[in-house]
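Enquirer: Model the structure of this input:
(one chain, ligands or ions: 2)
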Amino acid sequence: MKTILICSQKGGTSKSTTATNLSSMLATRGQKTLLVDGDIQGTSMSFSARRKAHDFTLKVLNDEQMAVATAFDATLEKASREFDYCVIDLGGYDGNTLRIALSSKLVDVAIIPCIASYPDIETLPHMNKLISTANEIRGEAIAAHVLFTRCSTAPRSKVHNSGKEFVAKYCDALSNLDSRTCERVSYKNAIGLAQSVEEFETESKSRNRKGSQEMNSLLSEIMNIFKANDN
Ligand SMILES: Nc1ncnc2c1ncn2[C@@H]1O[C@H](COP(=O)(O)OP(=O)(O)OP(=O)(O)O)[C@@H](O)[C@H]1O
Ligand SMILES: [Mg+2]
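Expert: Ligands and ions are numbered 1, 2, ... in the order given. Modelled structure (predicted):
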């Protein structure tokens, strides 16, 4: 089983949007997928409950289950016998849950969604510090990648490029993904209907398939990270 952790110390960065899209896309591609909701807000849980197609499995982990490293690892070990992929959606705050998940050797890749805006970008050094500490505990570096989200669709906006430069300069435990997402109403509509943005744009026969393109780009980049990890 390959495990994708979606996390950030900051709230509202598109973690649940990313997690629900990836889970739905993996499931519709025939992969046995587990979506773990580790956030008391329950966005992924609600998405799963509202989703018409029951094509992925949901597991909700409460604070007590997430607060003990052995319990977290035991959950993933058990899941690995049944699933091809596990996507974990965490809450947007620093705490035991985030630290334990980052330190687990059973997590293959951490994706850190970050809004392409300075107040959000400036929180990345703290994530970098958490990941550096987690790497010492793991005894190896986790593949940790920043995904700039909710970028402006204005052609002249370059905030995400400044964000990438910031990561390269100040965050040695993080790298930048080539993929990014933009602020699009299709993401909001899709999550409202408990669909991936790909399903939403297909079903609504939208000529604008930009959300699908962004999420497909993210999915294939993550698959390439898995391939690189395996070599
Ligand atoms: N790319 C996007 N375009 C438009 N709206 C978006 C996009 N990504 C997320 N949103 C909206 O922004 C809000 C926050 O998104 P989401 O719940 O995915 O963030 P989160 O990081 O999981 O938040 P939290 O830290 O509270 O768990 C939601 O209303 C969601 O619909
Ligand atoms: Mg969330």
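Enquirer: Now for the protein, the helix or strand with the poorest mean pLDDT.
Expert: helix 63-66 (a mean of 73; mean pLDDT, DSSP states H and E).
Enquirer: What is that one packed up against?
Expert: Using 3 or more CB pairs under 8 Å, 6 or more residues apart in numbering; DSSP states H and E, the elements in contact with helix 63-66 are helix 69-80, helix 96-103. Placement of C-beta: from N, CA and C, glycine included.
Enquirer: Any chance you could list what contacts the first one?
Expert: Where contact means CB atoms under 8 Å, 6 or more residues apart in numbering, the residues beyond helix 69-80 that reach it are 1, 3, 34, 36, 59, 61, 65-66, 86, 100-101, 103-107.
Enquirer: ok, of those residues, which come out buried?
Expert: The neighbour-count criterion (16 or more other CB atoms under 10 Å) marks 1, 3, 34, 36, 59, 61, 65-66, 86, 100-101, 103-104, 106-107 among the contacts of helix 69-80 as buried.
Enquirer: Out of these, flag the one nearest to R184.
Expert: V36 (25.8 Å; CB to CB).
Enquirer: Which residue, other than its chain neighbours, is closest to S217?
Expert: Excluding its sequence neighbours, the residue lying closest to S217 (CB to CB, 6 or more residues apart in numbering) is S179, at 4.3 Å.
Enquirer: residues contacting the residue of the chain found nearest ligand 1?
Expert: Residue of the chain nearest ligand 1, by CB to the nearest ligand atom: G92 (2.6 Å). By CB under 8 Å, 6+ apart, G92 lies in contact with 8-13, 15, 39.
Enquirer: isn't there a strand covering it?
Expert: No: the assignment for G92 by DSSP: H, G, I helix; E, B strand; the rest coil gives coil, which leaves it out of any strand.
Enquirer: Spatially nearest residue to it (excluding sequence neighbours)?
Expert: Using CB to CB, 6+ apart and skipping residues adjacent in sequence, the residue nearest G92 is G11, 3.4 Å away.
Enquirer: The one you found touches Y93, doesn't it?
Expert: Yes: counting by CB atoms under 8 Å, G11 does reach Y93; the two are 6.9 Å apart.
Enquirer: Please name the bridge partners of the closest residue in space to T153 that isn't next to it in sequence.
Expert: Using CB to CB, 6+ apart and skipping residues adjacent in sequence, the residue nearest T153 is C182, 4.9 Å away. C182 forms beta bridges with C151, as assigned by DSSP bridges.
Enquirer: ok, back up a step: export the helices and strands packed on helix 63-66 to JSON lines and tack on distance to S23 and mean pLDDT?
Expert: Shown next, in JSON lines, are the helices and strands packed on helix 63-66 (distance: least, CB to CB, whole Å; pLDDT from 0 to 100):
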{"stretch": "helix 69-80", "distance to S23": "13", "mean pLDDT": "92"}
{"stretch": "helix 96-103", "distance to S23": "16", "mean pLDDT": "93"}
